[in-house]
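In: Build me a model from this:
(one chain, ligands or ions: 1)
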Amino acid sequence: MKIAKNTVVTVNYKLSDAQDNLIEDGRQPMVYLHGGYENTLPKIEEELDGKEVGYSSIIQIEPEDAFGDYDAALVKVEARNRLPEPLEVGMQFEGMPDGDSDDEAMIFTVTDIADDKVVLDGNHPLAGMALRFSLNVADVREATDEEIAHGHVHGAHGHHHGDEDDEGEDGDHVAIHPIH
Ligand SMILES: [Zn+2]
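Out: Numbering: from 1, shown residues only. Presented below is the predicted three-dimensional model:
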C-alpha cells in the first residue's frame, strides 16, 4: 500500500543535526496520519508521499521548514520569585512569562538560574537547526474514519482518549510528531 492522504504511516527514524550529531535515536517509531494534518513536518510528508513499506531515505530539513530560526527576542530574564519552586534548568513552562494572550501558548524552557533571576527561552529546542532525518517506512495502513475525523492516529503509539489523558504530550519532548 502506498502512502497517501488518510493513511497511517509508521516510520523508524533517527534525527541528527547537519553535522550528524545524534539528537534522537527514534527508539519509538513515529506513527502519524498522513495528509496535511500537521502530525509531522510537511517536508517529511512530502518525502514519503507515494512511498511504500521498506522505503528509506535521508533528508535534511532547513530551519525554516522545521522549527524556525532562533529568535533572540524570545529569551527573557524573569524574576525568580515569579516562578514555582523547585526550579531546575531544563524545566518547561507554558504561556510564561508576560501572559500576553498571544495566538498560541508558548513553551518556555529554563536555560539558566541565578540567585534571583531566571533565563527563559521561548525558542523551540530545535529552532535554528537544520535537521537530518533518516527514515524507514515500517508500516502503512488505512486510517479509520474516527482517526480521520480527529486528525490523528489512535491506538498503539497514537493518541489515547481517556480520563487521565489530559496531561497531553506524554514526554514527547522534541515534539517532532505532535500528538494532541
Ligand atoms: Zn482522537
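In: Need the pLDDT of the residue of the chain positioned farthest from its centre.
Out: What lies farthest from the middle of the chain is Asp115; by Cα atoms, centre = their mean that is 32.1 Å. At Asp115, the model reports a pLDDT of 88.
In: how close does it sit to the ion?
Out: Distance of Asp115 to the ion, computed by Cβ to the ion, to the nearest Å: 45 Å. Yep, even glycine has a C-beta here, placed from its N, CA and C like the rest.
In: contacting residues for that residue?
Out: Going by Cβ atoms under 8 Å, 6 or more residues apart in numbering, Asp115 touches Arg80.
In: The ion contacts on this protein?
Out: Within reach of the ion by Cβ under 5 Å from the ion, the chain has these residues: 150, 159.
In: how about the helices of the chain, start to end?
Out: 42-48, 145-150 (DSSP state H).
In: just these: most buried one?
Out: Among the helices of the chain, helix 42-48 has the highest mean neighbour count (mean count of other Cβ atoms under 10 Å), at a mean of 18.
In: and that helix, how far from the chain's centre?
Out: In terms of Cα atoms, centre = their mean, to the nearest Å, the gap separating the centre of helix 42-48 from the centre of its chain is 15 Å.
In: Tell me which other helices or strands it touches.
Out: strand 7-17, strand 56-61, strand 131-142 (3 or more Cβ pairs under 8 Å, 6 or more residues apart in numbering; DSSP states H and E).
In: same for the last one, what does it pack against?
Out: Packed against strand 131-142, as judged by 3+ Cβ pairs under 8 Å, 6+ apart, are the following elements: strand 7-17, helix 42-48, strand 56-61.
In: Can you say which of these is nearest to Leu120?
Out: Evaluated over those, closeness to Leu120 peaks at strand 7-17, with 23.4 Å, by Cβ to Cβ.
In: Go ahead and name everything in contact with that closest one.
Out: With Cβ under 8 Å, 6+ apart, strand 7-17 has contacts from 1, 3, 22-26, 29-35, 44, 48, 129-143, 147, 153, 157-158, 174, 176.
In: residue in the protein nearest to the ion?
Out: His150 (3.3 Å; Cβ to the ion).
In: From what I see, that residue and Ala143 are in contact.
Out: No - with contact defined as Cβ atoms under 8 Å, His150 does not reach Ala143; the gap is 9.6 Å.
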